[in-house]
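*Asks:* what follows is a predicted protein model with its sequence.
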Amino acid sequence: MKTLTIVRHAKSDWTFDLPDHDRPLNERGKSDVPKVAARLKELNCTPEICFYSTAKRATDTANGLLDVMKIDAQRQESDLLYSFDAMDIINFLKEIDKYKKHIMIVGHNPGLTELINRLSQVRLDNLPTCGFAQLTFDIAYWSDIESVDGELNFLEYPKKLR
C-alpha cells in the first residue's frame, strides 16, 4: 500500500518583476499555509518524505507545512517537480524508493490537477492554490502507480477551511 499526498503551492506574489521560478508567496499564501498544515495534521497526514519543486513558492509552501505539522519527514527539493505536466510528475513518482510508504509532493498546476485526474476516478477542473489531496494505491512499488486507480482519501483547499 502506498499513500501520496499532493499539495499545490500557496498563492504567489506577482507584484515583483521576477522570473516565474523566483516568485515568493503573497500575504494570502503565507496565511493559508498554517491553516492547511493544521488541517493535514488533523487528517493524520504523516509522510515519510516531502519532495517539492525548486520554485520559491513551492519550497516555502513545503517547508512551511512541515514546520507547522511538526512531523519528522525528510525534505527534498527537486527540479523535476518544477513541471506543469502530469507525465513528468508520474515519471518522478515511479523512481521513488519502494520502501517509502507515504510521500508528499508540493508542486504546480496544471500538472497536479491532471495528476489527480490520471491517477484516480476523480475528475477535477482545478486544484486551487494550497489545495491538497491524498490518494492511496494498492501497490507494492511506486513504479506501478499507473497500474491501479488511487482511492481518494481527501481533497480540500483553503477556502473550505475558512
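*Replies:* That came through, no problem. In this text the structure is predicted, and so the values were computed from the model without any measurement. Numbers count the residues shown, from 1 in each chain.

*Asks:* distance of the nearest residue to residue 145 once chain neighbours are set aside from residue 55?
*Replies:* Using Cβ to Cβ, 6 or more residues apart in numbering and skipping the chain neighbours, the partner closest in space to residue 145 is residue 93 (5.3 Å). Heads up, the C-betas are built off the backbone N, CA and C, glycines and all. Note on residue 93: its distance to residue 55, by Cβ to Cβ, to the nearest Å, is 18 Å.

*Asks:* higher neighbour count, the two?
*Replies:* Set side by side, residue 93 and residue 55 show more neighbours around residue 55, with 24 against 20, by other Cβ atoms under 10 Å.

*Asks:* who does the helix or strand harbouring residue 159 touch, helix- and strand-wise?
*Replies:* Using DSSP states H and E, residue 159 maps to helix 158-161. Other helices and strands packing on helix 158-161, by 3 or more Cβ pairs under 8 Å, 6 or more residues apart in numbering; DSSP states H and E, are helix 27-42.

*Asks:* quick one: list the elements packing against the helix it packs on.
*Replies:* helix 56-69, helix 158-161.

*Asks:* how far off centre is the last one?
*Replies:* The reference is to helix 158-161. When distances are taken as Cα atoms, centre = their mean, to the nearest Å, helix 158-161 is centred 16 Å away from the chain's centroid.

*Asks:* before we move on, back to that, compare the helices and strands packed on helix 27-42 and give me the one nearest residue 118.
*Replies:* With respect to residue 118, and counting by Cβ to Cβ, the nearest of these is helix 56-69 at 20.1 Å.

*Asks:* what's near enough to touch residue 119?
*Replies:* 4, 90, 135, 137, 145-146, 149-150 (Cβ atoms under 8 Å, 6 or more residues apart in numbering).
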